[in-house]
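Enquirer: Sequence and predicted structure are below.
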Amino acid sequence: MEVEDMKLSITPVQGRFVAEVGSVDLSQPMDDAHFARIHDAFLEHSILVFRGQRLSNEQHIAFSRRFGELEIHTARHWLLPEHPEILVLSNRGEEGTRPIVNGGAYWHSDITYKAKPPLGSLLYALEVPPEGGDTLYADMYAAYASLDDETKARIDDLQAIHRYGDRYQLMAREDKDRPALTPEQLAEVPDVVHPVVRTHPETGRKVLFVNEGFTVGIVGMPEAEGKALLERLFEHSVQPGHVYRHRWQAGDLVMWDNRCTMHRATEYDLRYARAMHRTTVQGDRPA
Ligand code: OGA
Ligand code: MN
């Protein structure tokens, strides 16, 4: 089928950073030509918004699998027992999973504390509060491109340390619903090192690849100096001109390219239910 014959529409929402994909039902099997169009849009835009979806767990997994193998998260208590590819972010808990109320309430990219961080995540909204609970996204291509030349030269060949255990265990101490990671789980997530500036493996564009959530230091730099540099980079990354705010409706599916974006959750009134399902597509080693 010619691309021009497709009903599927791609509408940029905020410059190049985000696009809304219309006239597509993700619950249905998709032919390769339609998938190729979505895949191209994903590389062009970094964040794709699909509104008005109605997906079973199987359908959510099936669409996600078109992009690659799926990640099984270390924190098993958030995974659906029948579908461990699905991580449940629900403030009420659901189907035997632990509730999360403070999940991702800090700037991060998902799972950069692994040697091969994810390619992307697909977050599907089942139930959302009438206001608040938005998700913010930061464009890390723009973050890199807008650095001054001196900073670029300073960071271009640096490596950073990424870590999960500290942040997780700290949050577990403050949250009765969050079980501490076991020694076995901690052993799954040893510190890893990634380049501070990575080249996106599919677009070839340079990306600032450090995040407040999991990047804890710079290799070979005294701790205070590394932290000060990281702080500067974090602050630079999330300036308003680089950020998109997604206001959720039930039935939205948002897919982000985890290699070139960060995101964070925002507050809402906890008297309301908020329930999301996330699948996470495996990625490759940053270079
Ligand atoms: C995530 C995440 C933020 C939110 O799903 O990875 O960080 O707003 N979510 O739920
Ligand atoms: Mn996240």
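Expert: Received, thanks. Ligands and ions are numbered 1, 2, ... in the order given.
Enquirer: Nearest residue to Gly226 in space, please, no chain neighbours.
Expert: Excluding the flanking residues, the one nearest Gly226 by CB to CB, 6 or more residues apart in numbering is Ile218, at 3.6 Å. Where you see a C-beta, it was placed from the backbone N, CA and C, and this is true even at glycine.
Enquirer: Ok, Pro130 next?
Expert: Tyr272 (6.7 Å).
Enquirer: Could I get the contacting residues of the one you found?
Expert: Shown in contact with Tyr272 (CB atoms under 8 Å, 6 or more residues apart in numbering): Pro129, Pro130, Gly133.
Enquirer: rewinding a little: hang on, isn't the residue nearest to Gly226 packed against Val196?
Expert: Yes. If you go by CB atoms under 8 Å, Ile218 and Val196 touch, sitting 7.2 Å apart.
Enquirer: Please enumerate the helices of the stretch 51-200 of the chain.
Expert: Taking DSSP state H, counting those that start in this stretch as the test, the helices found in the stretch 51-200 of the chain are 57-65, 140-145, 149-155, 165-174, 183-188.
Enquirer: other SSEs contacting the first one?
Expert: Right, helix 57-65. Applying 3 or more CB pairs under 8 Å, 6 or more residues apart in numbering; DSSP states H and E, one finds that helix 57-65 contacts strand 83-90, strand 120-127, strand 275-281.
Enquirer: Apply 10 Å and report the result again.
Expert: In terms of contacts (3 or more CB pairs under 10 Å, 6 or more residues apart in numbering; DSSP states H and E), helix 57-65 is packed against strand 83-90, strand 120-127, strand 253-257, strand 275-281.
Enquirer: next one: the second one
Expert: In terms of contact count using 3+ CB pairs under 10 Å, 6+ apart, helix 140-145 is assigned the packing partners helix 149-155, strand 197-199, strand 206-208, helix 223-237, strand 261-265.
Enquirer: got a list of contacts for it?
Expert: Under the contact criterion CB atoms under 10 Å, 6 or more residues apart in numbering, helix 140-145 has outside partners 15-17, 46, 109, 139, 151-152, 155-156, 196-198, 200, 203, 205-211, 233-234, 236-239, 241-243, 257-262.
Enquirer: any idea how far Asn102 lies from Ala172?
Expert: 11 Å (CB to CB, to the nearest Å).
Enquirer: Poorly predicted segments of this protein, please.
Expert: For the chain, the stretches with pLDDT under 70 are 1-5.
Enquirer: ok so, going back, looking at the contacts of Tyr272, which has the most residues close by?
Expert: Gly133 (21 neighbours; other CB atoms under 10 Å).
Enquirer: And for that residue, nearest residue in space, chain neighbours not counted?
Expert: Tyr268 (3.6 Å).
Enquirer: burial count for that neighbour?
Expert: Tyr268, neighbours per other CB under 10 Å, totals 18.
Enquirer: Would you mind giving the secondary structure of it?
Expert: Counting by DSSP: H, G, I helix; E, B strand; the rest coil, the backbone at Tyr268 sits in coil.
Enquirer: Verify the contact between it and Thr135 for me.
Expert: No. Using CB atoms under 10 Å, Tyr268 makes no contact with Thr135, being 11.0 Å away.
Enquirer: Would you mind listing what in the stretch 51-200 of the chain touches ligand 1?
Expert: On the criterion CB under 6 Å from any ligand atom, ligand 1 has as its neighbours in the stretch 51-200 of the chain the residues Leu89, Gly103, Gly104, Asp110, Ser121, Leu123, Thr135.
Enquirer: follow-up on the earlier one: joint contacts of Tyr268 and Thr135?
Expert: Listed as contacting both Tyr268 and Thr135 by CB under 10 Å, 6+ apart are Trp248.
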